[in-house]
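>>> Only the shape, not the letters, is given here:
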């Protein structure tokens with residue numbers, strides 16, 4: 001989840017080195033797909049997607065769901081829309097959006113294209129980690145690219161053999177005598193695999209000593225001795241694989257990313273060595289919630305129900321009207337808890353963010369299922385969007401932190 005609560009202050013550096021040539025402005029690294037032309041830096045004046053952007057993303061959604069291929073067209077729309085600048089500080093060409101604005105924007109995108117929404121959310125999540133923990137050199141080099149849409153960011157944390165809590169990583173990072181790092185391992189369920197221009201890779205760096213902010217404490221997510229690295233998409237040794245075929249979020253390019261003898265400079269490190277767990281622990285306090293994606297999907301299902309009722313002349317029936325009111329109440333309730341998380345007004349903002357993901361994702365699955373029953377045989381046709389909404393809603397519950405892990409994180413303090 002992305003953080004947007006500390007956009008203006010730029011943190012200091014633990015390393016005075018500047019990024020090497022592979023990390024600076026120059027020819028884009030080849031990643032096996034066509035690059036968009038470099039746009040000029042975007043200054044975002046609106047924090048919501050325009051009707052034109054939503055219309056274009058909606059057109060992409062159906063085609064990508066049918067093909068199951070990475071939705072490059074949707075990514076191109078995001079690059080051109082200015083939305084990739086949402087959480088970048090204004091000082092670096094961005095919009096400087098807070099968590100409420102981010103959640104609102106993600107919800108609106110999800111209401112027409114859930115795959116694009118999760119790609120946007122993950123981009124903002126990685127961007128926020130850079131804003132919070134990056135060096136001045138990383139800010140100068142990366143943030144303008146991310147804001148302008150020249151670079152799409154993705155997180156590579158999950159692994160097939162590790163639990164949802166990321167405590168048993170097989171990906172290793174070992175330091176070389178000259179101070180660089182070599183990454184070895186494989187990541188799974190990486191959104192925007194093969195489409196991203198930079199990946200935030202989580203690795204076990206074999207440095208089990210706690211950092212100055214107490215990284216050794218069990219936060220329920222991540223473990224001591226883990227370190228984050230920013231690796232460009234075309235960097236030697238990094239290889240994406242989009243052969244994974246998902247039933248939902250089919251355009252999100254969710255797949256595998258391997259790093260094999262992938263050598264990166266120390267300036268690619270995000271944060272101090274061994275303290276990634278403490279960075280992860282602070283993410284939930286940001287207020288940016290995956291529940292926003294679920295709310296968007298639920299709203300799309302509700303809109304489909306209203307469209308059906310209008311076409312069939314069903315509003316004349318009180319039972320139908322009341323049924324639609326019940327559905328709308330569930331959507332509004334989910335939206336409210338996500339907005340509360342974004343405002344960070346709860347006594348424990350982190351817990352509110354976790355609850356918002358749980359409440360919204362479960363509500364979305366209920367609403368979509370109820371709408372599918374309401375549609376009757378009309379919704380049982382394979383091409384009806386309600387079937388995509390159901391698969392997309394289920395995907396949100398499985399995204400990190402998964403709903404089961406959210407419950408564990410909420411209940412963890414009770415067992416201490």
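Sure thing, it's come through. As the structure is a prediction and not an experimental result, all values here were calculated from the model.

>>> What ranges does the stretch 251-400 of the chain have for its helices?
Taking DSSP state H, counting those that start in this stretch, the helices of the stretch 251-400 of the chain run over residues 276-283, 291-312, 318-343, 349-375, 385-398.

>>> Also the stretch 51-200 of the chain?
51-67, 72-81, 99-110, 114-133, 136-148.

>>> now for the lowest-mean-pLDDT helix or strand in the chain, which elements pack on it?
Across the helices and strands of the chain, mean confidence by mean pLDDT, DSSP states H and E is lowest for helix 276-283: a mean of 91. Judged by 3 or more C-beta pairs under 8 Å, 6 or more residues apart in numbering; DSSP states H and E, helix 276-283 is in contact with helix 114-133, strand 226-232. Quick note: C-beta positions are derived from backbone N, CA and C, even for glycine.

>>> just to revisit the earlier point, burial-wise, tell me which of the helices of the stretch 51-200 of the chain comes out on top.
Neighbour counts (mean count of other C-beta atoms under 10 Å) averaged over each of those peak at helix 114-133, with a mean of 28.

>>> Run through the residues that contact the residue most central in space within the chain.
Nearest residue to the geometric centre of the chain (C-alpha atoms, centre = their mean): residue 122, 2.1 Å. Neighbouring residues of residue 122 by C-beta atoms under 8 Å, 6 or more residues apart in numbering: 2, 153, 154, 155, 191, 192.

>>> ok, those residues vs residue 246, which is closest?
residue 191 (10.3 Å; C-beta to C-beta).

>>> tell me the pLDDT at that closest one?
What the model reports as pLDDT for residue 191 is 96.

>>> any idea which residue of the chain is furthest from its center?
residue 316 (41.7 Å).

>>> Now do the contacts for it.
Residues near residue 316 by C-beta under 8 Å, 6+ apart: none.

>>> got a pLDDT number for it?
98.

>>> unless I'm mixing things up, residue 399 is touching residue 291, no?
No - taking contacts as C-beta atoms under 8 Å, residue 399 lies outside contact range of residue 291: 10.6 Å.

>>> neighbour count winner among the two?
A direct count of neighbours by other C-beta atoms under 10 Å for residue 399 and residue 291 places residue 291 higher, at 33 against 23.

>>> per-residue pLDDT, that one?
Predicted confidence (pLDDT) for residue 291: 98.

>>> Name the nearest residue to it, sequence neighbours excluded.
residue 360 (3.1 Å; C-beta to C-beta, 6 or more residues apart in numbering).

>>> Tell me the spacing between that neighbour and residue 397.
10 Å (C-beta to C-beta, to the nearest Å).

>>> Same question for residue 410.
Going from residue 410 to residue 397 by C-beta to C-beta gives 15 Å.

>>> do the same with residue 279
Per C-beta to C-beta, residue 279 is found 24 Å from residue 397.

>>> just to revisit the earlier point, save the helices and strands packed on helix 276-283 as JSON lines, and put in mean pLDDT too.
Formatted as JSON lines, the helices and strands packed on helix 276-283 follow (pLDDT from 0 to 100):
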{"stretch": "helix 114-133", "mean pLDDT": "97"}
{"stretch": "strand 226-232", "mean pLDDT": "97"}
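
>>> Show me the one of the ones you listed that comes nearest residue 244.
Closest to residue 244 of the helices and strands packed on helix 276-283 is helix 114-133 (C-beta to C-beta; 13.5 Å).

>>> tell me the angle of that closest one relative to strand 226-232?
110 degrees (axes from the mean of the first three to the mean of the last three C-alpha atoms, to 10 degrees).

>>> what is the orientation angle of helix 114-133 with helix 291-312?
Interaxial angle of helix 114-133 relative to helix 291-312 (the same axes, to 10 degrees): 160 degrees.

>>> what bridges to residue 182?
Beta bridges link residue 182 to residue 174, residue 263, judged by DSSP bridges.

>>> what does the one 5 residues further on give?
Taking DSSP bridges, one finds residue 257 as the beta-bridge partners of residue 187.

>>> Wait, it touches residue 171, no?
Yes - using C-beta under 8 Å, residue 187 is in contact with residue 171, at 6.8 Å.

>>> more crowded one of those two?
Higher neighbour count among residue 187 and residue 171: residue 187, with 29 against 24, using other C-beta under 10 Å.

>>> what about this protein, any weak spots by pLDDT?
Counting by pLDDT under 70, the ranges of the chain that qualify are 1-46, 163-165, 207-220.

>>> Quickly list the domain ranges of it.
Here the domain parsing of the chain from automatic domain parsing is 21-152, 156-274, 289-415.

>>> Give me the buried stretch members for stretch 338-351, please.
Within stretch 338-351, the residues scored as buried using 16 or more other C-beta atoms under 10 Å are 338, 339, 340, 341, 342, 344, 349, 350, 351.

>>> Oops, could you answer that again for stretch 355-372 instead?
355-368, 370-372.

>>> contact partners of that stretch?
289-292, 294-295, 297-298, 301-302, 304-305, 323, 327, 330-331, 333-335, 337-338, 340-341, 379, 386-387, 389-390, 393-394, 396-397, 401, 403, 406-407, 410.

>>> switch to 6 Å and redo it
Applying C-beta atoms under 6 Å, 6 or more residues apart in numbering, the contact partners of stretch 355-372 are 289-291, 294-295, 297-298, 301, 305, 327, 330, 334, 337-338, 341, 379, 386, 389-390, 393, 396-397, 403, 406.

>>> re earlier: CSV for the domains of the chain, including distance to residue 283?
Output for those, formatted as CSV (distance: least, C-beta to C-beta, whole Å):
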stretch, distance to residue 283
domain 21-152, 7
domain 156-274, 8
domain 289-415, 8
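
>>> Could you measure from the nearest residue to residue 145 once chain neighbours are set aside over to residue 258?
Residue nearest to residue 145 in three dimensions, not counting chain neighbours: residue 151, with 4.1 Å by C-beta to C-beta, 6+ apart. Using C-beta to C-beta, we find residue 151 at a distance of 21 Å from residue 258.

>>> ok, back up a step: quick check: the gap between the residue nearest to the centre of the chain and residue 317.
From residue 122 across to residue 317, the span is 42 Å (C-beta to C-beta).
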